[in-house]
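Q: Could you work out the structure for the sequence below:
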Amino acid sequence: MSTDGGSLSTSTFGEGQIYSLEEIHRFIKDCVMAVETPENYAQIFASCLTEADYKGHYCEGLNKLVSYIDEIRQGGCNPSANPEILKESPVTAWVNGNNGLGVVVSNFCMNLAIKKAKDSGIGWVVAKGSNNFGIAGIYSVKALEEGLLGMSFTNGSPMVAPTRAMEGALGTNPISVAAPGLNGDSFVLDMATAAAAEGKIEMLSRKKMPVPIDWANPKTGALRPLGGHEPNSNYKGFGLAFFVEVICGILAGSAYGPNIRRYGNLGQIANLGHCFVAINPVYFAPGFEERLSDLLNFIRNMQPADPDKPVMVPGDREREHMATVDQEGGVHYCRDLIESCNNLAESLNVLPLSPLG
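A: Sure thing, here's the model as predicted:
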């Protein structure tokens, strides 16, 4: 569940034909391999973008493919770069992404954090020299799937105006936390610290829909922190964004705040910073999963303010969307997005997306 408005539902952004997850993955992988990405990295990349759309986070799935390809073509990212460990201890590591694909750097880092958590109880890994890593929840869930608590964070282009400022100085700086309950149940928070992620505004543009005034300053275009305006406590969103910057950009020695390249300048090096944490609950009080499930179920069973809208916990929206995709056999996309993907396929000489039926 996301506190920046939730995932973008098919009813809002889907129309027309359905595309299977397998076909979406195939298309993304073919496109990124067409710009000289090694197949193993293309596999990771395609899986992350497909997963975003599967969970309903359309702003970070297929919607971002064209910009990823343009970034590679313009020299802003090296898709074959390998991440390397610069410094480490039994529970920490500092990684250089060497300007590689953010999803590749991030998978490397979270896998490293998971190993350290299994060996020593906790793993805390930060990375510099990286790029956009997609949805933060992909990496926290990697730890969750190993029975661990997972956390992931990243900084980004300075699009969000601090409280009382007119211009952007921080990224949308997402936070994700995932924790395991019983029988596959879980808590999965995946949220921007801005009122809305920039990808959501891109999706509104594709649908020719206006940007809500609580999302962005209509005069400067700068995004607002979580909360929108100051009377609605946007200083809390600003504080969370600053916190993410501290543990990503400042701690990792990457670019930070206004020093990060401006959004859309794909030919420049981004040098983003990430942070990944894995915690092994067996090193703490026993019964973690039981207590978490007890709380999850209590909240879900509370009397709803609106009888037609049951109380949900973070992660339920995504589970609901995934169930819909499974039932329908695939994902709906808006017409504008499919047109841009068809143009991309032609420019790369790859087979375009083929709908079901």
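Q: And stretch 167-177, end to end?
A: 29 Å (Cα to Cα, to the nearest Å).
Q: swap that for stretch 86-102, please
A: Terminal-residue distance, stretch 86-102 (Cα to Cα): 17 Å.
Q: Buried residues, that stretch. List them.
A: Neighbour-count burial for stretch 86-102 flags 91-102 (criterion: 16 or more other Cβ atoms under 10 Å). Placement of C-beta: from N, CA and C, glycine included.
Q: residues contacting residue 141?
A: Taking Cβ atoms under 8 Å, 6 or more residues apart in numbering, we find residue 141 in contact with 150, 178, 188.
Q: In the chain, what residue spans correspond to strands?
A: If DSSP state E is used as the criterion, the strands of the chain fall at 15-19, 84-88, 92-96, 122-130, 149-154, 175-180, 186-191, 272-279, 331-333.
Q: Let me have those in CSV, adding mean pLDDT as columns.
A: As requested, the strands of the chain are exported to CSV (pLDDT from 0 to 100):
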stretch, mean pLDDT
strand 15-19, 82
strand 84-88, 98
strand 92-96, 99
strand 122-130, 99
strand 149-154, 98
strand 175-180, 98
strand 186-191, 98
strand 272-279, 99
strand 331-333, 95
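Q: now those in TSV, with distance to residue 299?
A: Formatted as TSV, these follow (distance: least, Cβ to Cβ, whole Å):
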stretch	distance to residue 299
strand 15-19	33
strand 84-88	38
strand 92-96	34
strand 122-130	27
strand 149-154	18
strand 175-180	14
strand 186-191	10
strand 272-279	22
strand 331-333	29
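Q: tally of neighbours for residue 27?
A: Number of residues near residue 27 (other Cβ atoms under 10 Å) recorded here: 24.
Q: let me fix that: residue 188
A: 23.
Q: do residue 335 as well
A: So residue 335, with other Cβ under 10 Å, has 12 neighbours.
Q: of the strands of the chain, which approaches residue 212 most closely?
A: Among these, the nearest to residue 212 by Cβ to Cβ is strand 186-191 (17.0 Å).
Q: From the contact counts, what lies against the closest one?
A: If you count contacts as 3 or more Cβ pairs under 8 Å, 6 or more residues apart in numbering; DSSP states H and E, strand 186-191 packs onto helix 137-144, strand 175-180.
Q: Quick check: mean pLDDT of the longest one?
A: For helix 137-144, mean pLDDT rounds to 98.
Q: thinking in terms of the whole chain, how far from its middle is that helix?
A: Mean-position distance between helix 137-144 and its chain equals 11 Å (Cα atoms, centre = their mean, to the nearest Å).
Q: got the angle for it vs strand 272-279?
A: 20 degrees (axes from the mean of the first three to the mean of the last three Cα atoms, to 10 degrees).
Q: Quick check: buried residues in helix 137-144?
A: For helix 137-144, by 16+ other Cβ under 10 Å, it's 137-144.
Q: Please report how far residue 268 lies from residue 192.
A: According to Cβ to Cβ, to the nearest Å, residue 268 stands 23 Å off from residue 192.
Q: Revised request: answer the last question for residue 88.
A: 30 Å.
Q: before we move on, what about residue 319?
A: Distance, residue 319 to residue 192, using Cβ to Cβ: 20 Å.
Q: Which one's more surrounded, the two?
A: Remark: of residue 319 and residue 192, residue 192 carries more neighbours, 30 against 17, as counted by other Cβ under 10 Å.
Q: Please, where are all the helices along the stretch 1-150 of the chain?
A: Here the stretch 1-150 of the chain has its helices, by DSSP state H, counting those that start in this stretch, at 10-13, 21-33, 39-54, 65-73, 102-120, 137-144.
Q: so of those, which one's packed in deepest?
A: helix 137-144 (a mean of 26; mean count of other Cβ atoms under 10 Å).
Q: Return the angle between stretch directions for that one and helix 39-54.
A: Using the same axes, to 10 degrees: helix 137-144 against helix 39-54 is 100 degrees.
Q: And the helices in the stretch 251-357 of the chain, which stretches?
A: Using DSSP H, counting those that start in this stretch, helices in the stretch 251-357 of the chain cover 251-252, 288-300, 316-328, 335-348.
Q: how about low-confidence regions in the protein?
A: Applying pLDDT under 70 to the chain flags residues 1-16.
Q: which residues touch residue 17?
A: Residue 17 neighbours (Cβ under 8 Å, 6+ apart): 332, 338, 355-357.
Q: Next, format the helices of the stretch 1-150 of the chain as JSON lines and append distance to residue 208.
A: Converted to JSON lines, the helices of the stretch 1-150 of the chain look like this (distance: least, Cβ to Cβ, whole Å):
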{"stretch": "helix 10-13", "distance to residue 208": "12"}
{"stretch": "helix 21-33", "distance to residue 208": "24"}
{"stretch": "helix 39-54", "distance to residue 208": "21"}
{"stretch": "helix 65-73", "distance to residue 208": "18"}
{"stretch": "helix 102-120", "distance to residue 208": "30"}
{"stretch": "helix 137-144", "distance to residue 208": "29"}
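Q: I'd like to know which of those helices lies nearest to residue 229.
A: helix 10-13 (23.6 Å).
Q: Centroid-nearest residue for this protein?
A: In the chain, the centroid-proximal residue (Cα atoms, centre = their mean) is residue 135; its distance is 1.2 Å.
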